[in-house]
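In: Got a predicted model here, sequence first, then my questions.
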Amino acid sequence: MTTPTSQAFEPGALAVRAVRGATQVASDDPALIEQATSELLGEILRRNDLSDADLISIVFTTTHDLRSAFPAAAARKLGLTDVPLLCTAEIAVPGSLHRVIRILAHVHSPRPRDAMHHVYLGAAAALRPDLSAPPPGTDSPLPQGA
């Protein structure tokens with residue numbers, strides 16, 4: 001039996017949290033990969049009230065059909081020069097969504113784990129429909145990524 005994270009967490013205390021996100025690009029184009037990665041990372045930071053100082057590390061994955069650019073290069077262009085970044089490949093599962101960039105960010109946050117907002121943009125929202133709704137308190141969905 002697990003304890004709900006909001007009850008086991010002392011308000012105001014910083015903890016290590018993980019935030020997920022994904023987006024899809026139209027093609028294997030370095031400019032599209034950079035733009036989509038920047039948009040996704042920006043949304044993750046914005047929706048969770050995080051700054052670059054809160055980042056511990058980020059793992060980027062891409063599906064096998066994205067080979068023209070490293071998503072981490074987009075993060076470096078955003079100024080994340082002292083955050084450990086890693087790019088790796090997703091396993092090629094038959095029938096899975098193509099041209100997907102995923103992020104797993106480890107962060108310091110005062111929020112309980114169940115209050116972290118995971119971000120799935122555009123067609124990647126189909127990967128986790130349970131997590132793809134706009135954050136509470138918004139009247140309409142946020143603009144969706146490529």
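Out: Structure's in. What do you need?

In: residues of stretch 57-71 that come out buried?
Out: 58-63, 66, 69-71 (16 or more other CB atoms under 10 Å). For the C-beta atoms, the positions are set from N, CA and C on the backbone; glycine is no exception.

In: which one of those is nearest residue 82?
Out: residue 58 (12.1 Å; CB to CB).

In: ok, now which ones touch the closest one?
Out: Residue 58 makes contact with 41, 72, 75, 80, 83-86, 103-106, according to CB atoms under 8 Å, 6 or more residues apart in numbering.

In: Look up phi and psi at it.
Out: Residue 58 has phi and psi values of phi -140, psi 130 when expressed as degrees, to the nearest 10.

In: what do you get for residue 16?
Out: Geometry field for residue 16 lists phi and psi as phi -80, psi 130, criterion degrees, to the nearest 10.

In: ok, residue 55 - contacts?
Out: Shown in contact with residue 55 (CB under 8 Å, 6+ apart): 80, 83, 105-107.

In: Give me the buried positions along the lengthiest helix in the chain.
Out: Of all the segments of type helix in the chain, defined by DSSP state H, the longest one is helix 30-47. Buried positions in helix 30-47, judged by neighbour count with 16+ other CB under 10 Å: 32-41, 43-45, 47.

In: quick revisit: and which of the contacts of residue 55 is nearest to residue 16?
Out: Ranked by distance to residue 16 (CB to CB), the contacts of residue 55 are led by residue 106 at 6.2 Å.

In: which secondary structure element contains the residue nearest to that closest one when sequence neighbours are not counted?
Out: Distances taken as CB to CB, 6 or more residues apart in numbering place residue 56 nearest to residue 106, at 4.1 Å, with adjacent residues excluded. Using DSSP states H and E, the element containing residue 56 is strand 55-62.

In: Residue nearest the middle of the chain, spatially speaking?
Out: residue 21 (2.9 Å; CA atoms, centre = their mean).

In: ok, residue 87 touching residue 69?
Out: No. In this structure residue 87 lies outside contact range of residue 69 using CB atoms under 8 Å: 9.4 Å.

In: what's the nearest residue to residue 123 if we skip its chain neighbours?
Out: residue 24 (4.4 Å).
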